[in-house]
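Q: Here is my input, please return the structure:
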Amino acid sequence: ARLSLDKLTVGPLALGQSDLSVALKNRVMTTTLDKVSLYEGTGTGTVMLDGTAGTRASLATDLKLEGVSALPLLKDAAELDRLTGKGRLALTLVGQGTNEREIVETLNGRVALAFNDGAIVGVNIPEMMRNLGKGNLSGLSTAPTDKTDFSEMTSTWTVKAGVAENEDLKLVSPMLRLSGSGRVALPKREVDYTLRPKVVASLTGQGSTPEPDLAGIEVPVRVHGPWDDPTYTPDVAGALKNPKTVEAIKEIGKQFKGKKTDEIVNDLLSGDSKSRKEKGKKLLEQFLSPQ
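A: From the prediction side, this is the model:
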């Protein structure tokens with residue numbers, strides 16, 4: 001069958017003008033997307049559903065999306081509203097089961113994405129680092145309205161048994177460069193990811209008061225928990241292990257005048273083990289004391 005549709009709804013996904021063909025033979029259905037309009041972009045590829053096993057079906061997808069808007073696509077597909085921007089998405093995935101959850105739990109394959117002129121919603125990393133430079137520890141918190149703008153973001157993901165892992169996240173903005181690695185458990189919708197932002201330009205805004213030069217400093221931020229409401233935890237102790245940030249950390253230390261080391265450690269490493277707090281305290285005493 002060859003189909004030309006004005007609108008098409010596939011589960012939560014909303015598609016526009018679509019030209020596709022469907023072939024069914026020996027309990028194997030192959031849908032070829034010749035051209036599909038969706039989320040301000042277009043898509044091509046194939047989706048194959050194999051029912052020859054009888055008790056469970058196998059699903060294989062090979063799709064390429066170009067010029068799509070990230071926010072509505074990810075919100076409909078995965079109830080994820082943490083990324084904006086427009087770009088491309090390529091995915092090759094296979095799974096099997098008797099229902100959607102079982103297929104997600106057995107997914108294997110690869111996903112690559114590249115988005116431009118967007119933002120990570122829920123965290124303002126430049127503001128977080130700016131507040132750290134001022135010695136404003138309460139500024140390390142996040143709010144739903146926060147965002148980190150970027151001009152380009154790329155990453156590739158390997159999916160095994162429903163768990164997506166990534167090692168090469170790259171984000172570029174005028175003020176910082178950000179890399180990242182970690183994993184996302186798709187069935188549980190949980191994330192455990194580490195962002196590594198590095199300031200490459202002054203964070204001082206136009207008309208603002210002078211701030212310490214944070215260029216070159218890198219403070220890892222762990223993102224963990226449910227992907228619709230994750231927790232962002234700055235890893236200050238981890239940052240202090242990087243020799244490239246030591247000099248910048250010394251300068252930032254001058255901003256903590258009047259604060260005791262114990263107070264800084266408790267605020268920054270709240271909830272961590274006693275041994276890690278002690279280690280963090282020693283590092284802070286070494287590098288954050290005014291010179």
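
Q: Just checking: what are the partner strands of the host helix or strand of Leu65?
A: Here Leu65, judged by DSSP states H and E, is contained in strand 57-69. In the sheet, strand 57-69 lines up against strand 41-50 (antiparallel), strand 83-97 (antiparallel) (DSSP bridges).

Q: Report the rounded mean pLDDT for that strand.
A: Taken as a whole, strand 57-69 carries a mean pLDDT of 95.

Q: quick one: contacts of that strand?
A: With contact meaning CB atoms under 8 Å, 6 or more residues apart in numbering, strand 57-69 is reached by 33, 38-51, 73, 84-98, 103. Every C-beta, even on glycine, is put in place using the N, C-alpha and C of the backbone.

Q: Please pick the buried ones from those residues.
A: Buried members of these, scored by 16 or more other CB atoms under 10 Å, are 33, 38-39, 41-45, 47-48, 50, 73, 84-97, 103.

Q: Asp192 and Thr44, how far apart?
A: 33 Å (CB to CB, to the nearest Å).

Q: Next up, the contacts around the closest residue to Glu190 other than its chain neighbours.
A: Leaving out its chain neighbours, the residue that sits closest to Glu190 by CB to CB, 6 or more residues apart in numbering is Pro226, at 5.9 Å. If a contact means CB under 8 Å, 6+ apart, then Pro226 has 189-191 as its contacts.

Q: top of the residues you listed by neighbour count?
A: Highest neighbour count within these: Val191, with 21 neighbours (other CB atoms under 10 Å).

Q: State the pLDDT value of that one.
A: Looking at Val191, the pLDDT reads 94.

Q: same question, Tyr232
A: pLDDT, Tyr232: 77.

Q: Buried residues, the strand or helix carrying it. List them.
A: When elements are assigned from DSSP H and E, Tyr232 belongs to strand 231-234. The neighbour-count criterion (16+ other CB under 10 Å) identifies 232-234 as the buried residues of strand 231-234.

Q: Which ones among the contacts of Pro226 lie within strands?
A: Those of the contacts of Pro226 mapping onto strands are 190-191, per DSSP state E.

Q: Can you lay out the contacts of Pro226 as TSV showing distance to Leu3?
A: Output for these, formatted as TSV (distance: CB to CB, whole Å):
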residue	distance to Leu3
Arg189	33
Glu190	38
Val191	37
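
Q: If we only consider the contacts of Pro226, which is nearest to Thr145?
A: Val191 (20.0 Å; CB to CB).

Q: for the closest one, which residues make a bridge with it?
A: Val184, Gly225.

Q: close enough to count as contact, it and Asp229?
A: No: counting by CB atoms under 8 Å, Val191 stays clear of Asp229, with 10.3 Å between them.

Q: OK, contacts around Thr194?
A: 180-182, 220-223, 235.

Q: And the strands in the stretch 101-250 of the chain, which stretches?
A: 108-121, 147-160, 163-172, 176-185, 190-199, 221-226, 231-234 (DSSP state E, counting those that start in this stretch).

Q: what pairs with the shortest one, and is each one parallel or antiparallel?
A: Translated: strand 231-234. strand 221-226 (antiparallel).

Q: same deal with the second one?
A: Strand 147-160 has its sheet partners listed here by DSSP bridges as strand 108-121 (antiparallel), strand 163-172 (antiparallel).

Q: Name the surrounding residues that touch that strand.
A: 84-85, 87, 93, 107-126, 164-166, 168-174, 178, 180, 184, 186.

Q: quick one: low-confidence ranges for the chain?
A: 129-143, 201-216, 236-291 (pLDDT under 70).
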